[in-house]
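S.K.: could you work out the structure for the sequence below:
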Amino acid sequence: MNPSFIAEQDAVLNWPSYGESVQKLDFLKKFSQTLNSEEIHHLKNLLGHRARNGGTKKRQWVGQTWEDYKKSKLGQASPLESQPQCELRPGGEKAWWTTFPKSEVVALDVEKVNLRSVKGVARVKPGKIGIVDCNYGTIFESDVYHRPGTFLDGKKDSAVSGITRYSLEKAPEWMTVKSKVKKVIDKKLVITVAGQGDLSCMDIERDDCGELFDVQCYYRRPNPDVSDETQPMSLRDIYFYHFKEDCQFQKPHNAVTDAICTMRIFLEGYIPLKEKSGLVGVRHNMGEVDFSDAIKLKNMDKLQKRYCKPSNEFRVGCQCEYCEKMY
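M.R.: Reported below is the predicted structural model:
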């Protein structure tokens, strides 16, 4: 390695030498401007890991660390039944997901609404919430109260989530729902697709669950607009990649259905890929797996409108361009 690089690295890591917080923040601002989107993506993951493992005081275990707690629970419940027992794999690595017993693994999905009188990310709030277990059974499902007219409820908005102007007016208040959600995900491994957005809209911290695993951090493909960069795949695309089914073909879809699809991706898609690669000790390392040929269903939707009636399921033997490319 270049000696000058090592010297510069040592200087940067000598963090106290930068003096006051204002100077440090100025340095971080300048540093962040040099990063590309791929590097920013990995930096977010590192910062999130740091926040969960030493950068926060929110989780306080009296006389027992979080890692010790998870180890102690392993003797009380069996690991995921659909996967091999907790064992060493090639390279001496232990499969990271086997740290969590089956009873402590759940999948979460949130259907959101956009408030009319609020700008920015604060306008996105939960409308429907679904949480399922490893057996694809629903363990929590709830709507969230919003007064009619306070959120966008046009045809396009309702077509995706099924949330209409008056469908949430009799739902429980958010604080009631929030306390139940936090209780369900407490100490759990929570499987999500774009899960940080789900937690943010619910005003729930990552530390309110045991651990958050976002499958989008693993399923990434080349960005067609920016060379040498990748972009996350959607739930639809990941599910179709593995099972050749459009999990959101029927609209509107709901949070529980999407949570079930998320769990199936994790159990029947992600884990087999990791076992095949041998990289079972790390969460996001793709190894030699390449998703560049994964179909982007949004692009196919245009063909579907041209060639197949939206109300029809795909038919075996259909020769239209859309069905031919899809199947």
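S.K.: quick one: the helices in this structure, in order.
M.R.: Remark: helices assigned in the chain by DSSP state H are 3-13, 21-32, 37-52, 66-73, 155-161, 174-185, 195-201, 235-243, 255-264, 271-277, 297-307, 321-326.
S.K.: low-confidence stretches in this structure?
M.R.: Low-confidence segments of the chain, defined by pLDDT under 70: 1-26, 36-39, 41-42, 44-93, 301-327.
S.K.: domain assignment for it?
M.R.: What the record gives for the chain is the domain set 35-295, 298-327, from automatic domain parsing.
S.K.: switch those over to TSV; also include mean neighbour count and distance to residue 27.
M.R.: Just so you know, the C-beta spots here come from the backbone N, C-alpha and C atoms, and that holds for glycine as well. Shown next, in TSV, are these (neighbours: other Cβ atoms under 10 Å; distance: least, Cβ to Cβ, whole Å):
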stretch	mean neighbour count	distance to residue 27
domain 35-295	16	13
domain 298-327	13	40
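S.K.: which among those domains is found nearest to residue 28?
M.R.: Across the domains of the chain, residue 28 has its closest neighbour in domain 35-295 (10.5 Å, Cβ to Cβ).
S.K.: first-to-last residue distance for that closest one?
M.R.: 29 Å (Cα to Cα, to the nearest Å).
S.K.: next one: stretch 181-189
M.R.: Stretch 181-189 has an end-to-end distance of 14 Å (criterion: Cα to Cα).
S.K.: please apply the same query to stretch 161-170.
M.R.: One end of stretch 161-170 to the other measures 17 Å (Cα to Cα).
S.K.: ranges for the strands of the stretch 51-200 of the chain?
M.R.: Counting by DSSP state E, counting those that start in this stretch, the stretch 51-200 of the chain has these strands, from start to end: 105-114, 124-133, 138-143, 189-192.
S.K.: list the strands paired with the second one, with their directions.
M.R.: Here strand 124-133 is paired, per DSSP bridges, with strand 105-114 (antiparallel), strand 138-143 (antiparallel).
S.K.: same list (the domains of the chain) but as a markdown table, adding distance to residue 29.
M.R.: As requested, the domains of the chain are exported to a markdown table (distance: least, Cβ to Cβ, whole Å):
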| stretch | distance to residue 29 |
| --- | --- |
| domain 35-295 | 11 |
| domain 298-327 | 34 |
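S.K.: mind giving me CSV with the strands of the stretch 51-200 of the chain and columns for distance to residue 243?
M.R.: As requested, those are exported to CSV (distance: least, Cβ to Cβ, whole Å):
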stretch, distance to residue 243
strand 105-114, 15
strand 124-133, 17
strand 138-143, 20
strand 189-192, 16
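S.K.: please tell me how far residue 248 sits from residue 234.
M.R.: Computed as Cβ to Cβ, to the nearest Å, the residue 248 to residue 234 distance reads 9 Å.
S.K.: how about residue 298?
M.R.: Distance of residue 298 to residue 234, computed by Cβ to Cβ: 8 Å.
S.K.: identify the contacts common to the two.
M.R.: Here residue 298 and residue 234 have no joint contacts, going by Cβ atoms under 8 Å, 6 or more residues apart in numbering.
S.K.: residue 236 touches residue 297, doesn't it?
M.R.: Yes. Between residue 236 and residue 297 there is a contact under Cβ atoms under 8 Å: 4.8 Å.
S.K.: shared neighbours of those two, which are they?
M.R.: residue 246.
S.K.: mind listing what the residue lying closest to residue 147 once chain neighbours are set aside touches?
M.R.: Spatial nearest neighbour of residue 147, chain neighbours left out: residue 169 (6.8 Å); criterion: Cβ to Cβ, 6 or more residues apart in numbering. Listed by Cβ under 8 Å, 6+ apart, the contact partners of residue 169 are 145, 146, 147, 148.
S.K.: mind putting the residues you listed in CSV, distance to residue 197 included?
M.R.: Listed next are these as CSV, based on distance: Cβ to Cβ, whole Å:
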residue, distance to residue 197
145, 21
146, 18
147, 23
148, 25
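S.K.: looking at those, spot the one nearest residue 188.
M.R.: residue 145 (25.1 Å).
S.K.: where's the closest one relative to residue 151, distance?
M.R.: Using Cβ to Cβ, residue 145 is found at 11 Å from residue 151.
S.K.: nearest to residue 30, of the strands of the stretch 51-200 of the chain?
M.R.: Comparison of the strands of the stretch 51-200 of the chain against residue 30 by Cβ to Cβ identifies strand 124-133 as nearest, at 30.4 Å.
S.K.: backbone phi and psi for the residue nearest to residue 159 when sequence neighbours are not counted, please?
M.R.: Of all residues not flanking residue 159 in the chain, residue 251 sits nearest, at 5.6 Å (Cβ to Cβ, 6+ apart). Main-chain dihedrals, residue 251, degrees, to the nearest 10: phi -120, psi 150.
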